[in-house]
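*Asks:* just coords:
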């Protein structure tokens, strides 16, 4: 499903459609910490420890430009900490990292945002007592009226305000928040707040959007349109980096997946390859992860897989009861575990 | 009981210079707390800095009125910077602790005996208002039952309130004000959108502090004296009462709040004194009655918080999600 059209792009370097660009992302082998053909963020030896625990210990990481990169990993893998470090909200113990060739070491968060690297938060942050529209306008950049010296004179900022409002209206419509425009952001549901936060971050016109769990709490009916929005960001020339636990989302929209565990990058690659990687399956996904339980087909598929799986009791006479060896003691480990790698 | 007198003196409080001073200082608090979420518990300190800055520069250095005014404003700005530089990067509660302590430090410094020649110690300073009244354009006579001096200070005080309210209103409807309100709600979110939160907080702290300094001057000019006892911590809490009465994030709230505060104080005092004099109340003397009215203000504030928590002018909708 993540096969892309194999349009030959050599000799067509002038205008690239980022939606269908299928040139290889990695410069060489897709190994953890590999070089990318065109990186936007480069991090080297970034470490951050909290009281002796290495929350983040990234030797080398490049984020490919004009691609959607997913950052996955179990809870406590250091994904959000890495986000905080990259955007200046937290200071690493060591290491250097750069965005479009500019070093970000010691750069304060607001400057990072102005450079074009904008993030959202895992715990959604909307300004509850401002209206949805005001929330959006707050994201607008280059508003002269945000300077104290010009704030008193509407003539100096009214024009830009109109442009910002127009930009906000377009985004709100895309995110289906236009009817909520004049409501207080606090009256929005959790999912709508996620949408608002994402829309607001786009008001900055970022080059790199970093989304921390964009799908958490968004109702399934909205998920599809949100996925499309994220995909479309690529068409507008943006780069996306997101943290997500929903594997279907990762599979659907990510061009590249980075897997973290215990602060380290353990695997990297296109989603199809990464999800077959035994290290990833062990650390995070678990067996049978590639079955979509959301539809009847998937459940049948899983049942069939489980019958074929020697470790499973489905399809044997023990099905439906707890395996006796589990109750009696340690399960029999003599058999080598088999992964359903094709 | 002379109700005519009670009501006329209460009505007199509506436009008294002290009410104007409270309105200005509370407007400064509205900029701090209502719009930017900065917990300033030292507004009395800002008022003291303004009042003493003006009085000392006039008495010790003999500067003209407007230079004295400028010095007061500059002093309060420096005071704001001193408080803000170490604390504004920290959580809001640190600013609260530092401001309440700093206000007390200011009060103790001007009370020290070693500085009596400059600050007048506990007795304070007097006779610095000559330059101000020399500018009085109103010839002697009766203006609405006031002499020309009383009328002049009211015109200046309330004129200042109107100008400051307009400025604050203009600022708060601008994108600059929007960033401040965003900071009040969530400063990290504002930071992630590329705004220099620290600079905005500092600007807000200075603006509110300057309003406090102006309030300090309006407060002392009609008295003709500045005394440290007037700038105790309770002044800050009265100002918060005023702010809460009127409504936090509003421009007119502090003004109306100050009026309500002083009218209620005056009414309760008049009625209690009247009751005591007429013999209806025997279990209370006039000194106790003076204390009791502050208790009544506290009760009024509690009732207000219970039944109209957004204040007189506040937006009920904003509180629905608090």
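*Replies:* Alright, I've got the coordinates. This one's a predicted model, so the numbers in the text were calculated from it and none came from an experiment.
*Asks:* near chain B, which residues of the stretch 1-150 of chain A? Just list them.
*Replies:* The stretch 1-150 of chain A comes close to chain B at residues A:87, A:89, A:108-111, A:113-114, A:118-121, A:125-130, A:134-135, A:137-141, A:143, A:145-148, as judged by Cβ under 8 Å from any Cβ of the partner chain. Where C-beta positions appear, they are placed from N, C-alpha and C, glycine not excepted.
*Asks:* would you show me how to pick out the buried ones of those residues in PyMOL?
*Replies:* Selecting only the buried entries of the residues of the stretch 1-150 of chain A next to chain B in PyMOL, with 16 or more other Cβ atoms under 10 Å in any protein chain shown as the criterion:
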select buried, chain A and resi 87+89+109+110+111+113+114+118+119+120+121+125+126+127+128+129+130+134+135+137+138+139+140+141+143+145+146+148
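*Asks:* among the residues of the stretch 1-150 of chain A next to chain B, which lie within strands?
*Replies:* Those of those mapping onto strands are A:118-119, per DSSP state E.
*Asks:* of the residues of the stretch 1-150 of chain A next to chain B, which belong to helices?
*Replies:* Members of the residues of the stretch 1-150 of chain A next to chain B lying in helices (criterion: DSSP state H): A:109-111, A:113-114, A:134-135, A:137-139, A:148.
*Asks:* those residues into TSV, with extra columns for pLDDT?
*Replies:* Compiled in TSV, these are given as follows (pLDDT from 0 to 100):
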residue	pLDDT
A:109	92
A:110	92
A:111	92
A:113	92
A:114	92
A:134	94
A:135	94
A:137	94
A:138	93
A:139	92
A:148	92
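*Asks:* residue B:88: which of those is nearest?
*Replies:* Of all these, residue B:88 sits closest to residue A:110, with 14.0 Å by Cβ to Cβ.
*Asks:* hmm, that closest one is touching residue B:195, no?
*Replies:* Yes: the criterion here is Cβ atoms under 8 Å, and residue A:110 meets it with residue B:195 at 5.6 Å.
*Asks:* residue boundaries of the strands in the stretch 51-200 of chain B?
*Replies:* Here the stretch 51-200 of chain B has its strands, by DSSP state E, counting those that start in this stretch, at B:125-126.
*Asks:* contact partners for residue A:229?
*Replies:* A:174-175, A:198 (Cβ atoms under 8 Å, 6 or more residues apart in numbering or on different chains).
*Asks:* in which helix or strand would I find residue B:258?
*Replies:* Assigned by DSSP states H and E, residue B:258 belongs to helix B:252-277.
*Asks:* so which bits of that helix are buried?
*Replies:* Neighbour-count burial for helix B:252-277, counted by 16+ other Cβ under 10 Å, picks out B:252-274, B:276.
*Asks:* same question for stretch A:242-252.
*Replies:* A:242-244, A:246-247, A:249-252.
*Asks:* for stretch A:19-32, same thing?
*Replies:* Within stretch A:19-32, the residues that count as buried by 16+ other Cβ under 10 Å are A:21, A:25-26, A:30, A:32.
*Asks:* turn those into CSV, including secondary structure and pLDDT.
*Replies:* Formatted as CSV, the buried residues of stretch A:19-32 follow (DSSP: H, G, I helix; E, B strand; the rest coil; pLDDT from 0 to 100):
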residue, secondary structure, pLDDT
A:21, coil, 76
A:25, coil, 80
A:26, strand, 77
A:30, coil, 75
A:32, coil, 80
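*Asks:* from the residues you listed, pick the one nearest chain B.
*Replies:* If you rank the buried residues of stretch A:19-32 by distance to chain B using Cβ to the nearest Cβ, residue A:25 comes first, at 26.9 Å.
*Asks:* thought that closest one was touching residue A:40?
*Replies:* No: counting by Cβ under 8 Å, residue A:25 sits too far from residue A:40 to count as a contact (11.8 Å).
*Asks:* what sits in contact with each of these two?
*Replies:* Common neighbours of residue A:25 and residue A:40 (Cβ under 8 Å, 6+ apart) are residue A:64.
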